[in-house]
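In: Pasting the sequence and the predicted model now:
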Amino acid sequence: MNRDGVLAAEKVRDALLARLGSLPSPVTPAAARVEKRFAIGGVIYERWRLRGPRDDIPAWFLVGEQTPAPAPTVIALHPHGRQFEVGKSQVAGLIGEPSRGYGLAAAKAGFAVLVPDLPGFEERRPPLAARKANYALSGEAYEKLLAMTALVRGETLQGWMIADISAMAGCLVLDQRVDGERLALIGQSYGGQQALFAMLFDPRFRAGICSCGFSLVRLLVERSILHNFALYLPGMLPDLDFDVLVPAIAPHPLTIIAGRQDQIFPFDGVEAVGNKAREAWTKANAPDALRLRYFDGGHDLPPAMLAESLDWLGKVLG
């Protein structure tokens, strides 16, 4: 990228950091605590507990029994769908829809994979008794409580997410099966949103796959489409929408997957962002590092596109 492009990207990152509010203090990286270990179909599963900047982060670590170490490594971030009872376990292929098991697919494709719970999901919810006793500790109400708690402290839920994902990277590189120079992100929907923000924030992530993870926020507001609480950053509009954020990721390799009939992320907004992104990667002398993969369908991650994208990611990371 030329000097003007670097300065422009730095300006966008600085603006993003200002809108994220105060970030949790970074934690000293420490090896994860392994709570359980087993193998299914040639894939080793380890249940990890990582030290996070606010609380411990439960996660699954997956790696093929025959995968050479150190391996290129992916953090696979789960979707939202108001399915707060599932998070990491669905993406790890242990429960739920097989089409959402992209963490398991990545492990079978030769990556080491970390699949965490994000705040408010699965193991990062209050205990069942507390949820039954107080509606504010359950489901979407608890997500709202987290977001409002962050705001009154001068922070944001999105900032908490970014700090968590950065801490995950710090923990991963301590494992001998992980190549710390080949870290990437993949996410569907909410997970795609988190992958984009994390790539902007942490340069250790060399590449990413974002499936159905964004549209123009101004269109969401105009069309009264409600999304997760982390998406709404104070002062994000009018000058820090995704048509500004995504181009700032250039020239890092990025695959964007989107359905033309997506009902919650309007495709005209996705396409507008994609056009701006294409200009940015071209100016950065890396036009082939951006892949825009659009399909006729809704809010989904088609298996064929996932397989193709994992193959691409393997080649990008080497």
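Out: Arrived safely, thanks for sending.

In: so how far is the helix or strand hosting residue 132 off the chain centroid?
Out: If you go by DSSP states H and E, residue 132 is part of helix 128-133. Once both centres are worked out by Cα atoms, centre = their mean, to the nearest Å, helix 128-133 turns out to sit 29 Å from its chain's centre.

In: What are the boundaries of the helices in the stretch 151-300 of the chain?
Out: 157-172, 190-201, 217-222, 242-245, 267-283 (DSSP state H, counting those that start in this stretch).

In: which stretch among those comes nearest residue 94?
Out: Among those, helix 190-201 comes nearest to residue 94, with 16.3 Å by Cβ to Cβ. All C-beta spots, glycine's among them, are computed from the backbone N, C-alpha and C.

In: For residue 202, list the residues it contacts.
Out: 162, 165, 166, 169 (Cβ atoms under 8 Å, 6 or more residues apart in numbering).

In: May I see the helices of the stretch 151-300 of the chain arranged in TSV, with distance to residue 40 as well?
Out: Below are these laid out as TSV (distance: least, Cβ to Cβ, whole Å):
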stretch	distance to residue 40
helix 157-172	22
helix 190-201	22
helix 217-222	39
helix 242-245	37
helix 267-283	35
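
In: quick one, which of those is packed in tightest?
Out: helix 190-201 (a mean of 25; mean count of other Cβ atoms under 10 Å).

In: and it, what does it pack onto?
Out: helix 3-20, strand 71-77, helix 157-172, strand 178-188, strand 205-211, helix 242-245 (3 or more Cβ pairs under 8 Å, 6 or more residues apart in numbering; DSSP states H and E).

In: out of these, which comes closest to residue 305?
Out: Closest among the helices and strands packed on helix 190-201, once you apply Cβ to Cβ, is strand 205-211, at 7.6 Å.

In: Could you check how far the residue nearest to residue 155 when sequence neighbours are not counted is from residue 138?
Out: Distances taken as Cβ to Cβ, 6 or more residues apart in numbering put residue 21 closest to residue 155, at 4.5 Å, once the chain neighbours are dropped. Distance of residue 21 to residue 138, given as Cβ to Cβ, to the nearest Å: 26 Å.

In: Enumerate every residue touching residue 94.
Out: Neighbours of residue 94 in contact, by Cβ under 8 Å, 6+ apart: 45, 60.

In: Quickly note the distance from it to residue 84.
Out: When residue 94 is compared with residue 84 (using Cβ to Cβ), they lie 17 Å apart.

In: about what we covered before: closest to residue 220 out of the helices and strands packed on helix 190-201?
Out: Taking these one by one with Cβ to Cβ, helix 242-245 is closest: 10.1 Å.

In: what packs against the closest one?
Out: By 3+ Cβ pairs under 8 Å, 6+ apart, helix 242-245 packs against helix 3-20, helix 190-201, helix 267-283.

In: can you tell me the average pLDDT over the longest one?
Out: Translated: helix 3-20. The predicted model assigns helix 3-20 a mean pLDDT of 81.

In: Verify the stated contact: residue 193 with residue 187.
Out: Yes: with contact defined as Cβ atoms under 8 Å, residue 193 counts as touching residue 187 (7.2 Å).

In: contacting residues around stretch 244-251?
Out: So stretch 244-251 is in contact with 1, 5, 8-9, 12-13, 16, 196-197, 199-200, 208, 214, 254, 256, 273, 276-277, 279-281, 283-286, 289-290, going by Cβ under 8 Å, 6+ apart.

In: rerun that using 6 Å as the cut-off
Out: Residues from elsewhere that reach stretch 244-251 (Cβ atoms under 6 Å, 6 or more residues apart in numbering): 1, 9, 12, 199, 273, 276, 277, 280, 281, 284, 286, 289.

In: hmm, back to that, run a quick neighbour tally on the residue nearest to residue 155.
Out: Residues contacting residue 21 under the criterion other Cβ atoms under 10 Å number 18.

In: From residue 163, how far out is it?
Out: According to Cβ to Cβ, residue 21 stands 11 Å off from residue 163.
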